[in-house]
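Participant: Got a predicted structure here, sequence first:
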Amino acid sequence: MNLNKTNSTGIHSVTSEALSRRSSRRSSILDLVASPTLTDYTSSWKRSQSFGHLDVSDLRETLSRKNSNRTELSIDEETSLISGRHPINKYHYPESTIEEEDEDRLLSIGLDKSNNHQTILNAVNVLIGIGLLSLPLGLYLSGWILGITFLSGAAFLTKYTAILLGRCTERDPALRSYNDIGKKVLGRKVNYAILLVFLIDLLGGAASLAILFVDSLSSFFPEVSRKAFRLVFGGVVIVFNFLPLSGLSFLSFIGIVSTSSVAVIVVVSGLLKKEAPGSIFQPEVTNFWPTSFVNVLIAYGIFLCPFGGHPVLVELYRDMRTPEDYPSCMSKSFSFTLVVNLFIGVFGFLMFGMDADSEITRSIMLTEGFPKWIPTVVCLFMTLLPLSKAPLVLRPVVTAIDDLTFSETELLNSSQGIISPSTQVKRIFSRIIAVVIAIMLSVTFNSFSQVLAILGSFICTTICIILPTTFYILLFKDELSYNQKAGFKLVIFVFIILAIMGTIAAALYA
């Protein structure tokens, strides 16, 4: 039976009484001034940072931990990010027919899910991030011709693989996360490698935020050492790591506002300045072609990085009221993201040309001639942005460490608010060590664009292109023609080579 179709039919027949019950299911201050769409948009960072439910319960078994009652534990939101339980996946479709369901059950399944507009907003929120800050540098490294081609190609290809993931998810109602697909297709042992990739991605993202924080404040306060800013960043994020997810919701909103504001300020800066450098009216010297093959490989990672969010997209599919509209929503989401990225990349490249910095915001703060308030506002937002996003990015890492170090009794007691002294020590350790690792990575790879290029080449190529294509081939092997299989395998082979070459280029030469 097609559950998705049946659900959508039931939704369309909802009565006004049911709609009134829906209006009372949640409320926030945003409800006073905005539609539920904006509310969902500003809160979607909670789920976007889960990155496919980093499930380490199987890993615990390999470490000889007792895990027989793991699926029966009542756990809090923190543990849910790791265990695979998540607010948007709380609806479990039974095997019985919809006609046998209680009316309230049917309504809760449909009405608590996202409509198409909310899905698009959530997808755009996942896709558009700090990666756009290095796009002007990416255009310089690759030149106009290859740069725009690569960026557009990255958007098209990742949109297609996102749709492939949707088809894989539709294949089996039991598949509710990226991790679930990996387990079904590749088995548990290979899934450990996927878990490791997710953790590296999150730690790399936190490291890039630390670099962004330090670079921005160092540009504005050059007399202060970078080490001091790293200590400030680490101290603040450690404190935020002890807050529950519900307490971080306001930081999520700050992060979204900061990212949007930075994009606007970049455009305003180019329009207000009348003379080069930094002016759109007197563009700097640019290049049509790359200066070296190594630069092209580095640019490849930078261009792919802004489109990395596929593990979250699987959950957005499961959260849709009408999953049959998922391909259309992905097309609109990726198209809008491409337009924004192209606009910022082209605008920034024209402003600073071949002198484009690792972050366009840093170029603005280091360039004289802008109105005095612009560097100040840029520095403010580039301080708030990393501090607001880092605790959310690191939360799955913290929870993974907790899940591996806590005993079953400690997990159960922690979910009930009972925390022993030994458990508290472990909690402190996990929250500190996650930040320490991120800062150490930011010292080792101290260029923002270098970290993005590594993440794009290694992580995004793996989780956004190679693995989704592999999942699709294996799940639909009996339905694909020989030529289709050969084409998909060729894509996998080519991008494995690109991932290796791009990662080496970014790590050694960026």
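Facilitator: On my side now, so go ahead.
Participant: switch to C-alpha atoms for all contacts and neighbour counts from now on
Facilitator: OK.
Participant: measure stretch 459-470 end to end?
Facilitator: By Cα to Cα, to the nearest Å, the extent of stretch 459-470 from end to end equals 15 Å.
Participant: Tell me the first helix or strand C-terminal of the longest helix seen in the chain.
Facilitator: Using DSSP state H to define each element, the chain has its longest helix at helix 135-171. On the C-terminal side of helix 135-171, the closest following helix or strand by DSSP states H and E is helix 178-186.
Participant: I'd like the mean pLDDT over that following helix, please.
Facilitator: Helix 178-186 shows a mean pLDDT of 89 in the predicted model.
Participant: Stretch 396-414 too?
Facilitator: Throughout stretch 396-414, pLDDT has a mean value of 79.
Participant: Can you show me the CA trace of it as CSV?
Facilitator: In CSV, the C-alpha atoms belonging to stretch 396-414 read as follows (Å, rounded to 0.1, in the frame of the first residue of the first chain):
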residue,chain,number,x,y,z
PRO,A,396,26.1,15.7,17.7
VAL,A,397,29.9,15.2,18.4
VAL,A,398,29.3,15.9,22.1
THR,A,399,26.4,13.4,22.2
ALA,A,400,28.4,10.8,20.3
ILE,A,401,31.1,11.0,23.0
ASP,A,402,28.5,10.8,25.7
ASP,A,403,26.9,7.8,24.1
LEU,A,404,30.2,6.0,23.9
THR,A,405,31.4,6.8,27.4
PHE,A,406,28.2,6.6,29.4
SER,A,407,27.0,3.3,30.7
GLU,A,408,23.4,2.2,30.0
THR,A,409,22.5,3.1,33.6
GLU,A,410,24.0,6.6,33.2
LEU,A,411,22.2,7.1,29.9
LEU,A,412,18.9,6.1,31.5
ASN,A,413,19.5,8.2,34.6
SER,A,414,20.6,11.2,32.6
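Participant: quick thing: my sequence starts at 46, can you match it?
Facilitator: Sounds good: first residue 46 from here, last item stretch 441-459.
Participant: shaky segments in this structure?
Facilitator: The chain contains residues with pLDDT under 70 at 46-156, 290-292, 456, 459-462, 555.
Participant: if you set the cut-off to 50 instead, what comes out?
Facilitator: Where the chain drops to pLDDT under 50, the residues are 46-98, 108-146, 151-153.
Participant: buried residues in the longest helix of the chain?
Facilitator: For helix 180-216, a neighbour-count test (16 or more other Cα atoms under 10 Å) marks 180-189, 191-193, 195-197, 199-201, 203-215 as buried.
Participant: tell me the angle that helix makes with helix 223-231.
Facilitator: Taking axes from the mean of the first three to the mean of the last three Cα atoms, to 10 degrees, one finds helix 180-216 and helix 223-231 inclined to each other by 60 degrees.
Participant: Check which helices and strands helix 180-216 sits against.
Facilitator: With contacts defined as 3 or more Cα pairs under 8 Å, 6 or more residues apart in numbering; DSSP states H and E, the packing partners of helix 180-216 are helix 338-349, helix 355-363, helix 371-397, helix 512-520.
Participant: which outside residues touch whichever helix or strand comes after the longest one?
Facilitator: Next in sequence after helix 371-397, counting helices and strands by DSSP H and E, comes helix 405-411. With Cα atoms under 8 Å, 6 or more residues apart in numbering as the contact definition, helix 405-411 has outside contacts at 178-179, 181, 260-261, 264-265, 307, 311, 314, 323, 393, 397, 401-402, 415, 419-420, 423-424.
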